[in-house]
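J.: Test case, fold it:
(one chain, ligands or ions: 2)
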Amino acid sequence: MIIEASDLSFSYPSSDPVLRGVSFCVEKGEVFAIVGGNGSGKSTLARHLNALIPLQSGTLKIAGMDAADPENTYPIRQACGMVFQDPNNEFVSSVAEEDIAFGLQNFNFPEKEIPGIVSRSLSSVGLSGFERRDPHSLSGGQKQRLAIAAVLALSPEIIVLDEATAMLDPEGRAQVMDLALSLKERGITVIMITHFVEEAARADRVMVLSHGSVLALGSPSEVLVQKEILKKARLLPLLPTLSYWRLLEEGLISPSSPPLSKEGLWEAMCR
Ligand SMILES: Nc1ncnc2c1ncn2[C@@H]1O[C@H](COP(=O)(O)OP(=O)(O)OP(=O)(O)O)[C@@H](O)[C@H]1O
Ligand SMILES: [Mg+2]
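T.: Ligands and ions are numbered 1, 2, ... in the order given. Predicted coordinates:
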């Protein structure tokens with residue numbers, strides 16, 4: 001398991017607990033979605049995975065490293081990269097290639113290897129030719145792909161996308177989602193925090209957080225078709241699921257397991 005979290009609890013100074021006994025494991029190469037309403041603790045959990053906040057209680061292992069050991073802070077940050085909602089807050093240079101190089105220098109990569117890594121990272125996100133561009137002049141989708149390139153440059157084992165598509169239009173979202181899912185083929189584990197059921201539906205497994213606790217954990221077709229869970233997580237069901245419930249209410253079909261896909265809806269209607 002590349003991530004092993006057991007009984008994680010966390011409170012900010014003078015706050016109620018934000019995480020309450022969160023346990024889960026993620027396998028290497030898995031696409032693992034985390035969903036939940038505003039304030040349910042998703043970003044706080046993400047910051048644990050990247051060693052941005054120290055453990056208060058419970059145990060956490062990232063790529064075999066104990067997150068409680070301060071010596072592991074930097075190795076964990078390199079092994080587990082983060083991409084945030086608003087890339088504008090992340091860029092440190094007005095030149096795309098320098099932005100990526102800066103991260104590599106921070107992690108003491110040998111100076112002579114940096115140009116090659118920068119160029120390969122930009123190419124791997126489809127941004128070859130954008131080396132000298134000001135990150136702030138890019139489109140939203142391009143900005144997020146540049147932010148992902150900066151993380152990939154460090155050869156991470158895990159990448160955490162904390163609502164990385166939230167500010168994008170449908171085309172930008174599709175670009176970033178396709179890129180995120182393609183990382184799986186490179187053996188990179190993807191943790192995808194999202195409010196969009198259609199994105200969570202493309203993950204291998206989904207974990208639902210509610211008030212800092214794990215409300216559900218399973219495959220998308222198990223978790224994302226449960227009315228109560230969707231309601232608590234403040235998620236909108238997918239159209240096939242919604243249509244199935246409407247047809248059932250109208251007595252037009254007989255009960256079966258609610259579908260997540262169009263094909264599943266078709267089967268339910270033919271039964
Ligand atoms: N730095 C902080 N100091 C104090 N409280 C915080 C801090 N960051 C977050 N919180 C609180 O912790 C709770 C969980 O916040 P968190 O950002 O982890 O939730 P989230 O699920 O990511 O929400 P969203 O969907 O809005 O991004 C919220 O009540 C929030 O107000
Ligand atoms: Mg958040």
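
J.: For the stretch 51-200 of the chain, just list every one of the strands.
T.: 57-62, 65-66, 80-83, 158-162, 189-193 (DSSP state E, counting those that start in this stretch).

J.: Could I get the pLDDT score of R234?
T.: R234 is assigned 87 on the pLDDT scale.

J.: do the same with N88
T.: For N88, the predicted pLDDT is 88.

J.: how about the strands of the stretch 51-200 of the chain in JSON lines, adding mean neighbour count, mean pLDDT and distance to V95?
T.: All C-beta spots, glycine's among them, are computed from the backbone N, C-alpha and C. Shown next, in JSON lines, are these (neighbours: other Cβ atoms under 10 Å; pLDDT from 0 to 100; distance: least, Cβ to Cβ, whole Å):
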{"stretch": "strand 57-62", "mean neighbour count": "18", "mean pLDDT": "98", "distance to V95": "31"}
{"stretch": "strand 65-66", "mean neighbour count": "16", "mean pLDDT": "98", "distance to V95": "33"}
{"stretch": "strand 80-83", "mean neighbour count": "24", "mean pLDDT": "96", "distance to V95": "20"}
{"stretch": "strand 158-162", "mean neighbour count": "24", "mean pLDDT": "97", "distance to V95": "23"}
{"stretch": "strand 189-193", "mean neighbour count": "25", "mean pLDDT": "98", "distance to V95": "28"}
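
J.: With distance to Y244 added, can I get the ones you listed in CSV?
T.: Shown next, in CSV, are the strands of the stretch 51-200 of the chain (distance: least, Cβ to Cβ, whole Å):
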stretch, distance to Y244
strand 57-62, 38
strand 65-66, 44
strand 80-83, 34
strand 158-162, 29
strand 189-193, 25
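
J.: With adjacent residues omitted, what lies nearest to E267?
T.: P259 (7.0 Å; Cβ to Cβ, 6 or more residues apart in numbering).

J.: For ligand 2, what's its nearest residue on this structure.
T.: S43 (3.1 Å; Cβ to the ion).

J.: who's in contact with the residue positioned nearest the centre of the chain?
T.: Centroid-nearest residue in the chain: M192, 1.7 Å away (criterion: Cα atoms, centre = their mean). Each residue near M192 by Cβ atoms under 8 Å, 6 or more residues apart in numbering is listed here: 31-34, 161, 180, 199-200, 203.

J.: switch the cut-off to 10 Å
T.: 31-35, 83, 159-165, 177, 180-181, 199-200, 202-203, 206 (Cβ atoms under 10 Å, 6 or more residues apart in numbering).

J.: From those, keep the buried residues only.
T.: 31-35, 83, 159-165, 177, 180, 199-200, 202-203, 206 (16 or more other Cβ atoms under 10 Å).

J.: ok, R145 - contacts?
T.: 83, 87, 122, 124-127, 130, 138-139, 152, 164, 172, 175-176, 179.

J.: Look up how far P70 lies from it.
T.: 33 Å (Cβ to Cβ, to the nearest Å).

J.: Over to H136?
T.: For H136, the distance to P70 - Cβ to Cβ - is 35 Å.

J.: repeat for Q56
T.: Q56 is 14 Å from P70, by Cβ to Cβ.

J.: got the contact list for the closest residue to K232 other than its chain neighbours?
T.: Distance criterion Cβ to Cβ, 6+ apart; nearest residue to K232, sequence neighbours excluded, is S210 at 4.9 Å. Contact partners of S210, counting by Cβ under 10 Å, 6+ apart, are 20, 35-37, 40-41, 216, 229, 232-234.

J.: Could you give the bridge partners of S210?
T.: S213 (DSSP bridges).
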